[in-house]
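1. give me coordinates for this.
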Amino acid sequence: MQISLHSPRARRLSAALTGGALLAGVLAVPPAVAAPSTVAAPAPTSTAAGACGEGDGLPDSKISIQLYTHVGELGSGTPAPETIDRVLGEVADAGFTNVEPYDQPYSMPVDEYQAILDRHGLEVSSSHGSTSWDTWPETVDYAVALGQDYIGTGGMAGNYGTYEEALATAAYVNKLGQYAHENGANKIVLHNHQSEFTTRYPHPETGEMVSAWQVIEENTDPRYVTFELDVGWAADAGIDVPAWIEQYGDRIELLHVKDAVNVDADGDMRQVALGSGDMDLPAIIAAAEPYVEYYTYEWDWAPSFETSAESYQYLRCYLAEEGADECTDEGESLALGRPVTTSSIDDPARTGEMAVDGNAGTRWGSGWSEPEWIAVDLGASYDLSRVVIDWETAFASGYEIQTSPDGETWTTVHTVTDGDGFFDELEVSATGEYVRLYATERATQWGFSLYELEIYGTPSGGEPTPEPVARGAGYWSSEYRQVKNPDYTTDELLCFLISTRAQSDVFDEVVDLTTVDDAVQVLWARNHDEWVDVVDRQLLGVWLNVAAGSVSLEDPLAGGGTVGDLLLAVEAARLDAGATPADLKEYKGALETVSVQH
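-> Numbering: from 1, shown residues only. Predicted coordinates:
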């Protein structure tokens, strides 16, 4: 099952920073929930972002962009003045008021660079560049002239392959930071990739395995040295980013804010526009707010300035847009794991099967010619509704979607003549057992390459209606609880309710979701005369209020223990096959008390 919250590109049930509230038993969701459907959010613009209120997201003063995002435009070293002027103009048009250059200091005079910045209303929040001691005074002077507090590097400014090397790097960074601090700057900023976390060694005193990042953090002076945590690379290294920030936040004054798919998984992590991937950015930002001065967006080699505008919009307005998209349940791609044939491959490591393996880090690549194609055998005839293509850099500017009953005779059902790559979501209306993407025009000098080909539809002729299964609300609330996370928001729980409906096909007709009672009804089985129904209703109602935040698991009970203790005990008794009404009687009264008090 694929459940999306926010955009169709999201590949998880994303967490919300602030969901709706269950106040006085009211579930803050739309007045009616119809069958799940995909809703595409409008493309954000800087104009739209400017309309966001003060509390709708991060303030402009804290939002920056690492210019390596547009390294394809700027290149390495010092770009030509007209190139800098054009790129910074695009960045300003995207909404940013702060930038973080790389390869600074430039060889151009600082006053000329300052004039370009001023023309576009931009300031320098921090920078990445050389940390050679021989040129460090020049680096510091350039940064101070631009009025920036932080002088950074794209790494740790030294080696850390061994514990001793990490200590030596920390000592060198302290020297750099102290010089910067004493000569008009604030601190030096260190930036991570994955290896700072995956390089580990035993601590010489405790024997505990520690990462290179931890060793350098522990042995640098917080007066002179701080960290710019790159949340994407950290997550790809297996770090729980919000927890890491909570533990080390007083040493983290800047973030590189990335979003990505295929994080900490087989294959490559792939960066995407903020709010479109797997990163729990609201939780990360919430953890960082007490510590971080700048939230610096970065997407290495971003495909366009439009994606930067979209990411600025996210940082500036994400709270205002929270919950604007509907939770969608698309079912599973019909192509997932199905047999594939292709016209060619460009490498044995990029076969057609990799385009239907559900892994956003693997891909199919064709020969460097045209036309080329990839075809999927669905195994049965389907009434098709949608085809989703996740392109790699080598995309098709022209292609056709074709169907066939036998894999031999093909009918074109959708034609694209102006493809722009990245992510295509195509509505189709056709029937077939085989689906083929027939690429006719290359957009690059390479062949055609795509990470995933997803196909959606229903079996031709419809499906038989399943027999109802009598399951009480306690069953579904327990299933919800099995994720062991009591901090879900009501928006997430709403997604869960919708997906549960779609999975079971045993519920009554759709009802309004405006009260706790309505929400319970959505989970209510057809068999309403079970003797445990009253307890089920009370149990689920309390869980819904826990999800909304109006009830805490830590709230004490008059007879001792907490609300969390009570709920776990009720869950255990409810799922005990030998439970009797007498066994649940004491819990019924306790649940009633919690509900009345809240």
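
2. list the residues that contact residue 450.
-> Counting by CB atoms under 8 Å, 6 or more residues apart in numbering, residue 450 makes contact with 355, 363-364, 374, 389-392, 395, 437. For the C-beta atoms, the positions are set from N, CA and C on the backbone; glycine is no exception.

3. at 6 Å what do you get?
-> Applying CB atoms under 6 Å, 6 or more residues apart in numbering to residue 450 gives the contacts 355, 389, 391.

4. kindly report the same for residue 396.
-> Applying CB under 6 Å, 6+ apart, we find residue 396 in contact with 419, 439, 448.

5. now do stretch 445-458, average pLDDT.
-> Here stretch 445-458 scores 95 as its mean pLDDT.

6. repeat that for stretch 350-366.
-> Here stretch 350-366 scores 93 as its mean pLDDT.

7. ditto for stretch 385-396
-> On average, stretch 385-396 scores 94.

8. distance between the ends of that stretch?
-> The first and final residues of stretch 385-396 sit 21 Å from each other (CA to CA, to the nearest Å).

9. do the same with stretch 260-275
-> Stretch 260-275 stretches 9 Å from its first residue to its last (CA to CA).

10. which residues touch it?
-> With CB under 6 Å, 6+ apart as the contact definition, stretch 260-275 has outside contacts at 6, 11, 232, 235-236, 238, 258-259, 277-278, 299, 307, 310-311, 314, 359-362.

11. buried ones among those?
-> Buried residues within the contacts of stretch 260-275, counting neighbours by 16 or more other CB atoms under 10 Å: 6, 11, 232, 235-236, 258-259, 277-278, 299, 307, 310-311, 314, 359-362.

12. how many neighbours does residue 98 have?
-> Residue 98: 20 surrounding residues under other CB atoms under 10 Å.

13. may I have the phi/psi pair for residue 193?
-> When read as degrees, to the nearest 10, the backbone of residue 193 gives phi -120, psi -150.

14. name the nearest residue to it, ignoring sequence neighbours.
-> Ranked by CB to CB, 6 or more residues apart in numbering and with sequence neighbours excluded, the top spatial neighbour of residue 193 is residue 233, at 4.6 Å.

15. wait, a helix at the one you found?
-> Yes. Using DSSP: H, G, I helix; E, B strand; the rest coil, the secondary structure at residue 233 is a helix.

16. hang on, it packs against residue 196?
-> No. Counting by CB atoms under 6 Å, residue 196 is not a contact partner of residue 233; they are 8.3 Å apart.

17. more neighbours: which of the two?
-> Just comparing residue 233 and residue 196: by other CB under 10 Å the higher neighbour count belongs to residue 196, 26 against 22.

18. so what's that one up against?
-> 212-213.

19. pull the distance from stretch 175-185 to the chain's centre.
-> 36 Å (CA atoms, centre = their mean, to the nearest Å).

20. what comes up buried for that stretch?
-> Neighbour-count burial for stretch 175-185 [16+ other CB under 10 Å]: 175-181, 185.

21. and these, which of them are in helices?
-> Applying DSSP state H to these, the entries found in helices are 175-181.

22. closest one of the residues you listed to residue 164?
-> Among those, residue 175 lies closest to residue 164 (CB to CB), at 17.1 Å.

23. first to last residue in stretch 546-565, what's the distance?
-> Taking CA to CA, stretch 546-565 runs 13 Å from one end to the other.

24. mean confidence score for it?
-> In this model, stretch 546-565 has a mean pLDDT of 81.

25. from residue 564, how far off is residue 597?
-> Residue 597 is 15 Å from residue 564, where distance means CB to CB, to the nearest Å.

26. give me the more crowded residue out of those two.
-> Set residue 597 next to residue 564 and count neighbours by other CB under 10 Å: residue 564 wins out with 16 against 11.

27. residue contacts, residue 77?
-> By CB under 6 Å, 6+ apart, residue 77 lies in contact with residue 103.

28. coming back round to it: who wins for neighbours among the contacts of residue 450?
-> That'd be residue 355 among the contacts of residue 450, by other CB under 10 Å, with 27 neighbours.

29. contacting residues for that residue?
-> Contacts of residue 355 (CB under 6 Å, 6+ apart): 364, 450, 453.

30. make it 10 Å
-> Neighbour list for residue 355: 335, 340, 342, 362-365, 374, 376, 389-390, 392, 437, 449-454 [criterion: CB atoms under 10 Å, 6 or more residues apart in numbering].

31. tell me if I'm right that residue 123 and residue 101 touch.
-> No. Using CB atoms under 10 Å as the test, residue 123 is too far from residue 101 to be in contact (11.4 Å).

32. what is in contact with the two at once?
-> 117, 146, 148.

33. quick one: which of the residues you listed sit in helices?
-> Under the assignment DSSP H, the shared contacts of residue 123 and residue 101 contribute 117, 146 to helices.
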